[in-house]
Structures are given as structure tokens and as C-alpha cells.
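Asks: Give me coordinates for this.
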Amino acid sequence: MMAGSDGFAVAGGPALHIPVLGRRAVEFLNIRDGGVYIDATFGAGGYTRAMLAAADCKVIGIDRDPSAIALGADLVRQAGDRLVLVEGHFSALDAIVRDCGYEAVDGVVLDVGVSSMQLDQASRGFSFRLDGPLDMRMSGQGLSAADIVNTASERDLANIIFLLGEERHSRSVARAIVKARRLALIRTTFALADIVASTVRARPGDIHPATRTFQALRIFVNGELQELAAALQAAERVLKSNGRLIVVSFHSLEDRIVKTFLARRSKAPGGSRHAPEVKSPVPTFRVLTKQPVVANEIEIAHNPRARSAKLRVAERAETPAREDDVSDLLPRLPSFGDVMRRR
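Replies: The predicted structure is shown next:
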């Protein structure tokens with residue numbers, strides 16, 4: 001998630017965007033000359049520019065959005081062999097690192113969620129503030145938000161909106177969507193926002209009534225929570241001993257996954273005197289932020305989106321990565337296949 005520039009110098013000139021909590025994230029990385037770092041959500045290049053400015057290091061930037069990779073071409077030219085950009089999913093960041101010729105890296109930054117660059121383009125269909133096609137696909141591949149809205153069953157829509165948007169009126173919203181699409185397909189962001197606003201009544205000062213529904217659809221369309229859980233495991237596999245993992249999240253579902261993952265990885269489960277003794281897993285991370293770092297009043301005033309940002313940091317231990325299942329970190333959701341079969 002990107003904010004406006006705060007003015008600090010970066011490689012290649014002033015950045016058009018600086019990530020929320022960007023300065024503190026880069027400080028936590030403890031960047032050194034000769035190190036290799038991953039900007040797993042390249043976006044407009046804010047983290048990458050700051051990393052390149054911090055030391056004579058190398059950066060691998062990853063983004064599933066082809067437009068972000070294309071817009072980063074000038075920065076690649078300016079940085080020379082210090083920067084490589086890869087179009088791909090950050091859940092595969094360990095494989096991407098190997099493809100770039102490295103076995104391990106010194107730091108990984110995950111800035112989770114949608115970027116301002118995507119929100120501000122009406123044609124991408126992420127925002128109810130701008131009228132555009134109801135798309136929301138970060139990569140441009142697969143089912144769009146319009147596909148889900150116009151084909152999912154009322155029950156599946158209600159579950160998606162409740163679990164991923166934490167919308168307590170999810171059943172009413174789903175019912176209104178199904179009723180509206182019987183008359184005409186829902187093709188635009190304004191059309192969907194109007195349907196939700198007619199169902200969810202907001203009081204003065206509240207967020208827009210469609211906020212949670214749009215959030216839920218975006219997360220579902222892009223499989224964002226599954227990507228996050230897989231990316232945390234991938235970072236564990238690829239980080240060197242003492243390498244840093246920085247995660248910036250923007251809502252409770254994301255932060256809960258990060259917090260739980262790091263809690264499990266940083267301490268062994270307690271035993272019970274009533275149960276047989278079992279060999280406890282050895283910690284793979286040391287958590288460096290007991291409480292998440294949050295934006296200060298200046299950052300929030302500069303960019304209101306920073307209000308919900310939470311930054312967590314952990315340092316890799318020397319122990320081997322674990323390969324245990326982390327699917328229990330995720331809410332139980334219908335799959336794309338389920339949605340299409342039950343339409």
C-alpha cells in the first residue's frame with residue numbers, strides 16, 4: 001500500500017510513492033553492502049528505491065501486476081545490475097530467488113494488499129470512488145469480481161463478504177446483489193456500490209457502505225490470504241540466518257495470519273504434564289516487534305490509508321525451515337470451482 005513521498009532521498013531521484021511505514025520498514029531490514037533483499041510487492045518501487053539508497057546492495061522486486069513491472073523499467077536502467085524485476089506471485093518468492101541465481105537472501109519485505117496505484121486507476125475496477133469495469137484482478141488473469149458477483153450463489157456471496165469483508169450485513173448484501181443481477185448483469189464499480197449502499201446504511205463519519213464488500217471481493221478474486229500464508233513460508237525457506245522478514249498489513253485478517261505464523265515460529269508449544277512428552281519444534285524466527293509498529297499522526301494526516309497499517313518484524317534463526325501445514329490460518333472459503341459449480 002503506497003503513500004505520497006515523504007521527501008527522503010532514494011536511488012534514481014525522488015520516489016513518486018513511498019510505502020506506508022516505509023522508512024521504518026527499511027530501517028528494520030538493517031541493509032548492508034553486498035546484501036540481497038526482496039521487495040515482494042514492488043508496486044511503484046518505493047521500498048526498492050529506499051533499499052538501493054541505503055547501501056550498495058542488490059534487490060529482487062516481485063509483482064504479479066504486469067503494469068507495475070513495466071513502469072519499473074526506468075528504475076531497472078538506473079540501478080544497473082543492482083535490481084532485477086520479476087513478474088510473479090510472492091508466494092513463489094523462494095523459487096524466484098533461485099531463478100535469479102541466489103540460494104538465500106538477507107531480507108524480505110511484504111507490503112500486503114492493494115496499492116494506491118491500482119486503486120487510483122478506474123480501469124482496474126478496485127475502487128468504488130471511480131466508475132470502471134468491475135475487475136479487481138491484480139494480474140489480469142482468472143475470474144474477475146464481475147464473474148463472482150454475477151455467478152456465485154447467494155450463500156457463497158454472503159460467506160465471502162462476511163469472512164473476508166467482516167461485513168455484518170453480508171446476507172442482506174448478497175440478497176440484494178442476486179436480486180439486482182436478475183434484472184441486469186452487474187458490470188461496473190458504481191453499479192455494485194449503489195446496490196450495497198441501498199442495503200447497508202452508513203451514519204455520518206462512517207466508512208463508505210461498500211468498503212467491506214469491495215475488500216472481500218478483491219481478496220477473494222486474488223486469493224490474497226492464501227498468497228500471504230504461502231509467502232510467509234517461502235520467506236522462511238529463503239532467508240539466511242539473521243535475515244529479516246518485514247510484513248506490513250492493512251486489516252485484521254492479514255495481521256492475524258502474520259501474528260499467528262510468527263508466534264508459532266518463534267516459540268515452541270508448551271508441553272502438558274498430563275500428556276506424553278513430545279519433541280517440540282525448534283523456533284525458526286525471533287520476533288523483534290512485540291507489538292506491531294503503527295503509523296504516527298503525521299503519516300496518517302498525509303495518507304489516511306496508513307491508519308490501519310501494522311508492521312511486524314522477525315529475524316530468521318539458524319534452524320531449518322518447517323514444512324508443516326498452515327492452512328488452519330485461513331478462513332474456510334468456497335473455492336473458485338465451488339462458486340462456478342453452484343451458480
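Asks: spatially speaking, which residue is in the middle of this protein?
Replies: When the chain is reduced to its mean C-alpha position, the nearest residue by C-alpha atoms, centre = their mean turns out to be Val112, at 2.0 Å.
Asks: Would you mind listing the residues in contact with that residue?
Replies: Neighbour list for Val112: Met1, Thr41, Glu224, Leu228, Val247, Val248, Ser249, Phe250, Glu254 [criterion: C-beta atoms under 8 Å, 6 or more residues apart in numbering]. Heads up, the C-betas are built off the backbone N, CA and C, glycines and all.
Asks: Could you check what's spatially nearest to the last one, not counting adjacent residues?
Replies: Closest residue to Glu254 apart from its sequence neighbours, by C-beta to C-beta, 6 or more residues apart in numbering: Val112 at 5.0 Å.
Asks: Would you mind giving both backbone torsions of that neighbour?
Replies: Backbone torsions of Val112, given as degrees, to the nearest 10, read phi -80, psi 150.
Asks: and it, what pLDDT?
Replies: Looking at Val112, its pLDDT is 90.
Asks: cool, Ala268 as well?
Replies: For Ala268, the predicted pLDDT is 66.
Asks: just Met138 next, same as before
Replies: Reported pLDDT for Met138: 90.
Asks: Touching, Leu225 and Leu330? I think so.
Replies: Yes: using C-beta atoms under 8 Å, Leu225 is in contact with Leu330, at 5.4 Å.
Asks: residues bridging contact with those two, i.e. touching both?
Replies: Overlap of the contact sets of Leu225 and Leu330 (by C-beta under 8 Å, 6+ apart) consists of Ile257.
Asks: Just want to know which of those two has more residues nearby.
Replies: The residue with more neighbours, out of Leu225 and Leu330, is Leu225; 21 against 15, by other C-beta atoms under 10 Å.
Asks: what sits against the more buried one?
Replies: Leu164, Ile219, Leu253, Glu254, Ile257, Leu330, Pro331 are the contacts of Leu225 under C-beta under 8 Å, 6+ apart.
Asks: For the fifth one, grab the count of nearby residues.
Replies: It refers to Ile257. Neighbours around Ile257, by other C-beta under 10 Å: 22.
Asks: For the residue lying closest to it once chain neighbours are set aside, give me the pLDDT.
Replies: Computed as C-beta to C-beta, 6+ apart, the closest residue to Ile257 that is not its neighbour in sequence is Leu329, at 4.9 Å. Here, the pLDDT recorded for Leu329 equals 94.
Asks: Distance check, Leu329 against Ala230.
Replies: Noted for Leu329: a distance of 10 Å to Ala230, by C-beta to C-beta, to the nearest Å.
Asks: do the same with Ser241
Replies: Applying C-beta to C-beta to Ser241 and Ala230 gives a distance of 22 Å.
Asks: Lys290 in helix, strand or coil?
Replies: Under DSSP: H, G, I helix; E, B strand; the rest coil, Lys290 falls in the coil class.
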